[in-house]
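A.B. asks: Build me a model:
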Amino acid sequence: MKAKVIIERGSDGLFSYYMNEDTFDFGLNGQGNTIEEAKKEFLSVYSELKDMYLKENKEFPKLEFEYEYDMSSFLNYYSGILSKSGLEKITGVNQKQLWHYSSGRKKPARTTIKKIQIGLHNFSKELGQVQFV
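C.D. replies: So this is what the prediction gives:
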């Protein structure tokens, strides 16, 4: 069973993973100073909850997580790898707008989010086709 997990960075600087599902009678979340710490805690909470259900002879769903970033967290997390100038070239979104999105001052429209996703996807595909000699 698939469950959507949102990854975001809070105003306190901590990263959070939380399950955004109404399908289950439980919720999952994890926090950390880094994305890796937050994911580790999230998966640990999932494992502990699973064990608890099994001890109580309750059925517990096997979940496959689909992770989604909020735009601000994505831009901040990858800022050391992807510059705003580089992202502008890849996505066509003005770097001043990207700065607004990364700071959280503005939220991108769905069409802008899609434009960024498509630009990154196309760039990734292009990299997959590159060969070096």
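A.B. asks: So the nearest residue to Phe123 once chain neighbours are set aside: helix, strand or coil?
C.D. replies: With sequence-adjacent residues excluded and distances taken as Cβ to Cβ, 6 or more residues apart in numbering, Phe123 is closest to Ile90, at 4.8 Å. Using the backbone N, CA and C atoms, a C-beta is placed for each residue, glycine as well. Following DSSP: H, G, I helix; E, B strand; the rest coil, Ile90 is assigned to helix.
A.B. asks: End to end on stretch 80-87, go ahead and measure it.
C.D. replies: 12 Å (Cα to Cα, to the nearest Å).
A.B. asks: quick one: the helices in the protein?
C.D. replies: Taking DSSP state H as the test, the helices found in the chain are 35-55, 71-77, 84-91, 95-103, 110-128.
A.B. asks: ok, the closest residue to Phe15 other than its chain neighbours - how many residues close by?
C.D. replies: Distances taken as Cβ to Cβ, 6+ apart put Ala38 closest to Phe15, at 4.1 Å, once the chain neighbours are dropped. Counted with other Cβ atoms under 10 Å, residues neighbouring Ala38 total 22.
A.B. asks: Alright, that wraps it up for me.
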